[in-house]
Every structure is written in structure tokens, then in C-alpha cells.
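Trainee: give me the fold of what follows.
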Amino acid sequence: MGLFSRTPARPGPDSSSQSMAAARPEYGGGNPFAARYDEARPRWMDVATVTVTLAEGNETLEVVGESHYQDALWRLAGGRGSPENYVRQDIYAMLLAEEGNPYDANAMSVWINGHRVGHLSRIDAERYRPGLLALQERHGNPIVLAGVIAGGGIRGDGPGRLGVFLTHDPEDFGLRQPQLTFAGGTMRTGLSAAAATDEADESYDLSWMRDLPPDDARAIPMLRKLLASEADVLDRHFMLTHLEAALYRCRDAFGSALDEYDAACRQHDSEMAGIRAAFMAKWGKVPLLELYRQMAIRQQKAHDYHHALWWAERGIVVYGDDAARPEAVDDLRLRAAGYRAKLSR
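Mentor: Model (predicted):
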């Protein structure tokens, strides 16, 4: 959990502090911090300052629909400048329940400095909206997340668009689920559990992680070199996981990063039978596998719902009934249902 109050006005990081408790109009359902679908900006944002609560975390929260707000995003990022330049602008974004949205009764919009810049996906909006309303009620403030505006540059099909990438802790929104416990903590990706038993288990050796360069540009070739000679399936799993994360972080730094990311995910999936068997032998559970959710999201953003469905269903099969974090399977099932609905139209 990472919650504390600060006062970006509409909400930028440099505003002076002033509570807006006396200027809180209520929207549908008694929610004082909402946005109407048919309003350019909520009226309560027009006061000089707005006290907010910042929810911190390290997990990505997907934002969709940024393509409809490119003009606002470019203004927030300081202007278009040279087309070949890449953009990375640190921001704070406010999450608001959206009232009167004819397409999604649970809609949640994303706002930066008084500008609507996107929404949560339909699946995430349904999951996160109750937690957002509970946080607003508990703290008496709107909720903001840290993140970046990133993108730009020249792509194969022309100038790149800007996207919004937010970080959060799902537990702040009441999405905590039962987890597999092991000596020393709880299992997520399995890395901590593997590191805790590294010296006692001679079948794999995670010492290579200590030697990884801190910057992705140098870590990527080193990971490729390690993978070329590594045979142990658990080592290969963690190497591929690190490689995928580094390539995805570099998606705005060099043009081939996303193609290389896709290739790494396909390679990772092709080895999953052996990896899964190693998980079950060691822990009796399958830890969180980021590649299936992330690849489903990637295909969804490209409106390729056939491949988005494939990755979601593939992840469900890999987890089976043995997921250490059942919410990961629930998330993939919701996504798969959404993709099937899209394909049936």
C-alpha cells in the first residue's frame, strides 16, 4: 500500500496546497469526484487547487483509447517538436468514475491537468471502480497515480502516437487475493522463492542476475548471450522474463524493440511445457506469468482480437488449476470473454 495526500491542482505536481472540501458537487450515486461523459471537464476541477491522494505501486495499469486524445497528450508533453523525437514525460493522472457513459456503465476515465486522455479497459473498469470509490470515500479526495506519457518517433506506418502508462498497487483497490505462501514471504512471479532456495538447489543458478547491467541497453545483449548457452529451464524462464521486461521498456527507444519483445514471448511460450513441469516439481504451483496478460493487452491495443484471444486462452491453459495467484486466471478469463464478444459482432 502506498497512499498519501498531496495537492496537484488539476492534477500537476507543482501546485500549492488547498483543500476543496467546501466545493464538492455530488454526481450520480452521491460521488463527489466523478466525471460526466458529456462534460469536457468536471465542474469541481475548475477551482484553483484540488487536494488529491496519490496511490503508489510498481504494477502497470493499462490505459486505452489514447488515440482519441492525441492533441491533448501532445500539448501536455510540451508540443510535437521534431517528428523523429521520442517523448517520455513524467505525469500524475487522476482516475475518475465516469457517469452517463452509454457504452460502459462502469466506465473510468483518466485525466491529466484537467484533460481527459483515456479510459481503463472495460474489464479493468469493472474490477477497479468499486475500489476507487472506496478509496475516494476513505480519504475524501480524488485518487491519482504516477506515470508517464510516452511514444512519438517515426514508425513504419508514420509518426508514432503517444500513450499513457500508469503504475499502481492493485491491493490499494481491494484486489488482493489469496497467495501461495512459502518460507520468507508470498509467491508472485516465483523469483523471490527461487532466490531464497538458490544455494540449496543445484539444478539452477541465479547468480547471473547480480551481474546484469542496470541499464536495459546493456542488459539485453547480455541476456541474449546467457540464453544462448543456458540449458536449465528455470534459469531460462527468469532470463526470458527479464529480457521481455527490458525490451518492453525500450519500446520507445529503438524501433525493433517490440518485434524483439514479441519474438521473446513466443520463444518463452514454446518452452512453457518444461517450465511448468519445473514449477510443479519445485513448488506445486504455477507463479504469475506476465507474458500472457501483456501479450493479450498488446494484441488488444492493435485491435487484433484473434491473437489477443489466443494469448489469453493459452495462459489459462498453462495455469490450469495450479495458479499461485488465482486472480491472474480470472483476469485472463475476463479478457477472453471480452475478446470473444468483440469477434462475435
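
Trainee: how about the secondary structure of the closest residue to residue 129 other than its chain neighbours?
Mentor: Once flanking residues are discounted, residue 129 sits nearest to residue 106: 5.0 Å by C-beta to C-beta, 6 or more residues apart in numbering. The C-beta positions use only the backbone N, C-alpha and C, and glycine is treated the same way. Three-state assignment for residue 106 (DSSP: H, G, I helix; E, B strand; the rest coil): coil.

Trainee: for residue 106, what are its contacts?
Mentor: Contacts for residue 106 (C-beta atoms under 8 Å, 6 or more residues apart in numbering) come out as 122, 125, 126, 129.

Trainee: which of the residues you listed has the most neighbours?
Mentor: residue 125 (22 neighbours; other C-beta atoms under 10 Å).

Trainee: what sits against that residue?
Mentor: Residue 125 neighbours (C-beta under 8 Å, 6+ apart): 104, 106, 107, 108, 119.

Trainee: just the residues you listed now: which is nearest residue 309?
Mentor: Taking C-beta to C-beta as the measure, residue 309 sits nearest to residue 104 out of these, at 20.0 Å.

Trainee: please, where are all the helices along the stretch 51-200 of the chain?
Mentor: Taking DSSP state H, counting those that start in this stretch, the helices of the stretch 51-200 of the chain run over residues 70-76, 122-139, 191-196.

Trainee: return the set of buried residues in the second one.
Mentor: Residues of helix 122-139 classed as buried by neighbour count (16 or more other C-beta atoms under 10 Å): 122-129, 131-133, 135-136, 139.

Trainee: could you dump that helix to CSV, C-alpha only?
Mentor: Written as CSV, here are the backbone C-alpha positions of helix 122-139 (Å, rounded to 0.1, in the frame of the first residue of the first chain):
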residue,chain,number,x,y,z
ARG,A,122,-13.9,-2.3,-19.9
ILE,A,123,-12.6,-5.3,-17.9
ASP,A,124,-10.4,-3.2,-15.6
ALA,A,125,-13.1,-0.6,-15.1
GLU,A,126,-15.5,-3.2,-13.8
ARG,A,127,-12.8,-4.6,-11.4
TYR,A,128,-11.3,-1.2,-10.2
ARG,A,129,-14.3,1.0,-9.9
PRO,A,130,-15.6,-0.3,-6.5
GLY,A,131,-12.1,0.1,-5.1
LEU,A,132,-11.6,3.6,-6.5
LEU,A,133,-14.9,4.7,-5.0
ALA,A,134,-13.9,3.2,-1.6
LEU,A,135,-10.6,5.0,-1.7
GLN,A,136,-12.2,8.3,-2.5
GLU,A,137,-14.7,7.8,0.3
ARG,A,138,-12.0,6.8,2.8
HIS,A,139,-9.6,9.7,2.0
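
Trainee: many thanks, we can stop here.
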